[in-house]
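# Build the 3D model from these lines:
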Amino acid sequence: MKLYNFGRFSGGKRLWKGTLYTLPIALGSSVLLGILQNIISLQLSLTYLLVAYIIANTFRKYGRSVSINASYISIAIFVLSIFVIDLFTVIGLNVPTFGLMAFFTPLFLANILDIRSIPSIINLLIIVYSINIVYRNSRIV
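Numbers count the residues shown, from 1 in each chain. You can find the predicted model right below:
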């Protein structure tokens, strides 16, 4: 198989390029989805799947990497996007402060890891499946 590298990017440059393109797109779509969820007063766990596909396809398109590090970076961006979605679902159009974020992060983690109710278990399974989507689709295999 012949690999074409017209831009003459090495593996490290591809990872940086993929990260620099994917991060703003992921955070922007996460903010929009969080504000939309705040407006309709409903948290939709299926938005995690949408963000997972956005992140994976954007990183694969612009990063064009074959290394496993591309998947790891995409997963980190996805986890950050989950925090942003849930933060803007709670605060809406208000500007987040550091005090709010310090209070929000442990509350968010406790909410995800709560396995006493069926909706929390379904939410956790959707997040795990979304991480699997990001892992498999964010690099060229």
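# And the residue nearest the centre of the protein?
Centroid-nearest residue in the chain, with Cα atoms, centre = their mean: F78, separated by 2.0 Å.
# Flag the shaky bits of the protein, pLDDT-wise.
1-11, 96-113 (pLDDT under 70).
# State the helix or strand in which F59 lies.
Using DSSP states H and E, F59 sits within helix 47-63.
# Show me what whatever helix or strand comes next after that helix is packed up against.
Once helix 47-63 ends, the next helix or strand along the chain (criterion: DSSP H and E) is helix 68-91. Packing partners of helix 68-91 (3 or more Cβ pairs under 8 Å, 6 or more residues apart in numbering; DSSP states H and E): helix 11-40, helix 47-63, helix 98-112, helix 118-137. In this view, the C-beta of every residue, glycine as well, is placed from N, C-alpha and C.
# now helix 68-91 and helix 47-63, what's the angle there?
140 degrees (axes from the mean of the first three to the mean of the last three Cα atoms, to 10 degrees).
# what angle do helix 68-91 and helix 118-137 make?
150 degrees.
# Show me how far helix 68-91 is from its chain's centre.
Relative to its parent chain, helix 68-91 has a centroid offset of 3 Å by Cα atoms, centre = their mean, to the nearest Å.
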